[in-house]
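Colleague: Quick one, structure for this:
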Amino acid sequence: MKASSFDYLAAKTVADASRVMAAGGGTIVAIAGGQSLLPMLTLRVVQPDLVVDLGGLEELKEVSVSSGTVRIGALTTHAAIEDGLFADAFGGLMQKVASKIAYRAVRHHGTIGGSVALADPAADWPGCLLALGATVRISGLNSARTEPIDQFLMGQYLTSLDTDEVIIGFDVPRPSAPLRWGVFKVARKSGAFADSIAFAVAQGKGGPVSVVLAAAAPRPHLLPRVAKKVGAGTISGDALRAAIAEEIAPLVPQNDAYLTRLHTSTVMRAVQEMQSK
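Modeller: Numbering: from 1, shown residues only. Okay, the predicted model is just below:
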């Protein structure tokens, strides 16, 4: 199958893209690396009137590391992160996550901003950035704003972006102590989206803990009660498993026993990897 006919615009600036998208006049979609959108166009899952190409916008490629924040441009590719663009800032966590996304050819083109903008509940970056407490930087026709990623991600393929808005990038707080982390992903085959993926991060020994489960619900979810128990450091394996199962229960449709075991095990393994460091 081939994509339906559409008009194409290579945006020169973010303001240019916002102006065109705000004008409306049919269905308009933005494209960055295209690794999700192109298959959707080919299958005619998406049939836009206009595709606005953001791929040439240098202002979306900024990457900087300061004492308190890592600033990641929306057009940063998975491959660039995998290759160690800022490996030391998060103890290799983002490098590990990037390396497990699809295949190397996809990682050369796919972008972190495109992944988050699509908001596929089984994607890797939304859950990872949620665990790290990232803030999304957004630009629109007449204003710029920031929003915690937990508020930005609203549901399956649903974000808070308005029609004229573009993700500029992400501000990720640098941990105050060496980051301990664990990530575990279950997929039906190599390169596929996850059936279940969990992240656990802690700042040093005894520091703040975050635990996130993705691919279980329309959007990734923090598990604050599990994180609190893990941070206390006194919970047994059986008690932790029970605590995980209890907190994820609202995310599992119709109390499906298989999915409960799957997601519980995924979170458990991510936490165990973190605790081993």
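
Colleague: Which parts of this protein belong to which domain?
Modeller: Listed domain ranges for the chain are 7-53, 60-173, 179-275 (source: automatic domain parsing).

Colleague: And the last one, end to end?
Modeller: Right, the one you point to is domain 179-275. 11 Å (C-alpha to C-alpha, to the nearest Å).

Colleague: Please compute how far that domain lies from its chain's middle.
Modeller: Here domain 179-275 is found 16 Å from its chain centre; the criterion is C-alpha atoms, centre = their mean, to the nearest Å.

Colleague: How about the second one?
Modeller: Average the C-alpha atoms of domain 60-173, do the same for its chain, and the two points are 6 Å apart (C-alpha atoms, centre = their mean).

Colleague: Compute the distance between the nearest residue to Ser160 once chain neighbours are set aside and Leu158, please.
Modeller: Excluding the flanking residues, the one nearest Ser160 by C-beta to C-beta, 6 or more residues apart in numbering is Phe152, at 5.2 Å. C-beta coordinates here come from the backbone N, C-alpha and C atoms, glycine included. Distance, Phe152 to Leu158, by C-beta to C-beta, to the nearest Å: 10 Å.

Colleague: Counting neighbours, go ahead and name the busier of these two.
Modeller: Phe152 (24 against 12; other C-beta atoms under 10 Å).

Colleague: and the more buried one, what is it in contact with?
Modeller: Applying C-beta atoms under 8 Å, 6 or more residues apart in numbering, one finds that Phe152 lies in contact with 116, 136, 159-161.

Colleague: again, 6 Å this time
Modeller: 136, 159-160 (C-beta atoms under 6 Å, 6 or more residues apart in numbering).

Colleague: re earlier: same list (the domains of the chain) but as CSV, adding mean pLDDT.
Modeller: Converted to CSV, the domains of the chain look like this (pLDDT from 0 to 100):
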stretch, mean pLDDT
domain 7-53, 89
domain 60-173, 95
domain 179-275, 93
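
Colleague: Would you format those as TSV with distance to Met1 included?
Modeller: Shown next, in TSV, are the domains of the chain (distance: least, C-beta to C-beta, whole Å):
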stretch	distance to Met1
domain 7-53	6
domain 60-173	20
domain 179-275	21
